[in-house]
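Q: Next input, structure requested:
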Amino acid sequence: MSFSPKSAIRALLATAMGRRVFILGSLALIGPLVGCRSSHVAKEHPEIPGFIYLGTNEAELHEYRHQQTGIEFVLLTGGSFLMGGTPEEHARVLAAVPAEGKALLGEEIVEDIARELEAETPLRRIRVGAFLMGKHEVRQREWSRIQEALDAGYGADSDLPVSGVSLRDCQAFLSRTRPRLGLPSEAQWEYACRGGGASAYGFGDELSQEAANYGGSAMGQVLPDAGLVAVDRFRPNGFGLFGFHGNVGEWCQTVDGARDDAAESGETDPVAATPNVAVVRGGGFLSSAADCRCASRQVYPPEWRQEDIGFRVVFTEIPD
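A: Just a heads-up that it's a prediction; the model follows:
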């Protein structure tokens, strides 16, 4: 695998931080559900054509299965939440840059990371409507039911996530789904990832190897024990959704520039297409813990393929 300069920096951070617990403040694994304003408890479930109703999950939210692909979804009722990284969170990320990184790459590494963190600003309250969010990253066996072009090595019963796909590959897959599925907007993705909370990760301010699959690279080289794991390997977040942190990064709909600079606080789910820019969220098995945070964003060309990038899907046509 070839690494871009930014990937090399992330690999260095993964070396120093990725194999240990990375702490961004409080050690509480489960915190109060703050920052999101909505009623998450499910009411009467709507009938959605093309989907099979499965019942409610432990979070008391309705679950469905897409009949054509077998992909499972959780119905999120929507609401408002604070989108982006806080100044305090960014300060902790910069303070955690290892001395080894500064010695090898110079103090410029801190400036480079600070510029990347700017892509998570401004912090603002965003509103999203109700939508179905994929319970897991798209699995290889679900991909194989629709798309055969990239099926080399994919097992018909595999619970591993699809990986090594570009945004264009994902769009080709989605174009063949009925009813048509889509990629989440960044606001939908971050709202779902936070699981009703407002901490750095969907279950608190701490990430460890017991909670996510990350930190699998060192100085541009993949570590021997690094690789994909099943999409439901780790515990779900407060919405009953799995795998937002690590394993594979997830393509989203693009947002113009670092963020939509024209957006104002309180707007509804901003999405602005940028022809040559695509955004990946959540980090993969090669990422550092910092790159797996809810607010973290990586930008790539839409043709980019990487072994720890996959995707998750949504459906937004929810009956009233």
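Q: Helices of the protein, start to end?
A: With DSSP state H as the criterion, the chain has helices at 5-13, 87-95, 99-105, 108-118, 140-144, 167-174, 186-194.
Q: Tell me where the stretch 201-320 of the chain has strands.
A: Under the criterion DSSP state E, counting those that start in this stretch, strands of the stretch 201-320 of the chain are mapped to 206-207, 217-218, 221-222, 249-252, 278-281, 297-300, 309-311, 314-315.
Q: TSV for the ones you listed, including mean pLDDT and distance to residue 136?
A: Using the backbone N, CA and C atoms, a C-beta is placed for each residue, glycine as well. Below are these laid out as TSV (pLDDT from 0 to 100; distance: least, C-beta to C-beta, whole Å):
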stretch	mean pLDDT	distance to residue 136
strand 206-207	88	19
strand 217-218	73	23
strand 221-222	77	23
strand 249-252	98	11
strand 278-281	95	15
strand 297-300	93	20
strand 309-311	97	10
strand 314-315	98	13
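Q: Take the ones you listed and lay them out in JSON lines including mean neighbour count and distance to residue 192.
A: Compiled in JSON lines, those are given as follows (neighbours: other C-beta atoms under 10 Å; distance: least, C-beta to C-beta, whole Å):
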{"stretch": "strand 206-207", "mean neighbour count": "24", "distance to residue 192": "18"}
{"stretch": "strand 217-218", "mean neighbour count": "22", "distance to residue 192": "26"}
{"stretch": "strand 221-222", "mean neighbour count": "15", "distance to residue 192": "29"}
{"stretch": "strand 249-252", "mean neighbour count": "27", "distance to residue 192": "10"}
{"stretch": "strand 278-281", "mean neighbour count": "24", "distance to residue 192": "10"}
{"stretch": "strand 297-300", "mean neighbour count": "21", "distance to residue 192": "15"}
{"stretch": "strand 309-311", "mean neighbour count": "28", "distance to residue 192": "13"}
{"stretch": "strand 314-315", "mean neighbour count": "21", "distance to residue 192": "8"}
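Q: closest one to residue 239 among those strands?
A: Nearest to residue 239, of all the strands of the stretch 201-320 of the chain, is strand 314-315, at 13.1 Å by C-beta to C-beta.
Q: which of the helices of the chain sits most buried?
A: Highest mean neighbour count of these: helix 186-194, a mean of 25 (counted as mean count of other C-beta atoms under 10 Å).
Q: and that one, average pLDDT?
A: Across helix 186-194, pLDDT averages out at 97.
Q: which residues touch residue 126?
A: 80-83, 187, 191, 266-270 (C-beta atoms under 8 Å, 6 or more residues apart in numbering).
Q: Type out the PyMOL command that picks the buried ones from those residues.
A: Here is the PyMOL command that selects only those of these that count as buried (16 or more other C-beta atoms under 10 Å):
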select buried, resi 80+81+82+83+187+191+269+270
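Q: got a pLDDT number for the residue nearest in space to the middle of the chain?
A: Residue closest to the average C-alpha location in the chain (C-alpha atoms, centre = their mean): residue 282, at 3.3 Å. Per-residue confidence (pLDDT) for residue 282: 98.
Q: sorry, back to before: which of the contacts of residue 126 lies closest to residue 112?
A: Nearest to residue 112 among those, counting by C-beta to C-beta, is residue 83 at 23.3 Å.
Q: what's the spacing between the closest residue to that closest one other than its chain neighbours and residue 80?
A: Excluding the flanking residues, the one nearest residue 83 by C-beta to C-beta, 6 or more residues apart in numbering is residue 126, at 4.5 Å. Here the criterion is C-beta to C-beta, to the nearest Å. By it, residue 126 lies 7 Å from residue 80.
Q: who does the residue nearest to residue 83 bridge with?
A: residue 81 (DSSP bridges).
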